[in-house]
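Chemist: Here's my sequence, what's the structure:
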Amino acid sequence: LRNMLARLGSNRLLQLFVRRQNDFLDRFADTVILLSKKRIGALFAIQRDVSLKEQLDTGVVLDALFTSELAQAVFHPKAPLHDGGMIIGDDRVAGAACVFPLTEREMQDRSTGLRHRAAIGLTERTDAIAVVVSEETGSVSICENGQLTRNMSEEEFRARLNKIFFNRDTNDESQTTEQELARKTAVPAARNSDLVSH
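Modeler: Coordinates of the predicted model:
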């Protein structure tokens, strides 16, 4: 009976976790798309197993529920915290204006800006997921394990988030198209380097 109750309790906890994670990913995706349409540059890091405390210590601690309004306020071009990255953990904003390490890889694409280089650098060193919204074009990019996928459509972005966090295909991502491969920039592990802003 104890074992049965324990299993029942864990199933409920799992369902609650999945529901909460789904809710956060929906809010996060909606926010990124909104920032993209408004062409508000942004850099997000979603913490997973590896702590981002080192990067958090370089910014301003917030400890607030992630909302679209908060993200827009932080990344507004005239806001004091818009430079640097926002760190998110357990659907809460841990901090903003955080400094991420730049990749030392020489980028063939000269349009790769500091936010993109910081996203690559952070994900080379940690298991975090980085998301970039370009201020110039409004394009959305996602970076995992030092690999940057750029110019994602809204459908591709939402599908990729589901794939990463739930290992779930929403648009049959099992087959990678040539167009997606062309957008990916593989980056090897970088050497130690100083942290830089933006």
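Chemist: Wait, residue 55 touches residue 43, no?
Modeler: No - with contact defined as C-beta atoms under 8 Å, residue 55 does not count as touching residue 43 (11.1 Å). Heads up, the C-betas are built off the backbone N, CA and C, glycines and all.
Chemist: Now for those two: what residues contact both?
Modeler: Counting by C-beta atoms under 8 Å, 6 or more residues apart in numbering, the common neighbours of residue 55 and residue 43 are 85, 100.
Chemist: Ramachandran coordinates for the residue nearest to residue 139 when sequence neighbours are not counted?
Modeler: Closest residue in space to residue 139, ignoring its immediate chain neighbours: residue 151 at 4.7 Å, by C-beta to C-beta, 6 or more residues apart in numbering. For residue 151, the backbone dihedrals (degrees, to the nearest 10) come out as phi 50, psi 50.
Chemist: List the buried residues for stretch 55-69?
Modeler: Within stretch 55-69, the residues scored as buried using 16 or more other C-beta atoms under 10 Å are 55-56, 58-59, 62, 66.
Chemist: Go through those and flag which are in helices.
Modeler: If you go by DSSP state H, the buried residues of stretch 55-69 have 55-56 in helices.
Chemist: Out of the buried residues of stretch 55-69, which two are the most distant from each other?
Modeler: Among these, the pair separated by the greatest distance (C-beta to C-beta) is 58 and 66, at 19.7 Å.
Chemist: Would you confirm that residue 156 belongs to a helix?
Modeler: Yes - using DSSP: H, G, I helix; E, B strand; the rest coil, the assignment for residue 156 is a helix.
Chemist: ok, so what distance separates it from residue 52?
Modeler: Distance of residue 156 to residue 52, computed by C-beta to C-beta, to the nearest Å: 25 Å.
Chemist: quick one, which of those two is more surrounded?
Modeler: Between residue 156 and residue 52, counted using other C-beta atoms under 10 Å, the more crowded position is residue 52 (24 against 20).
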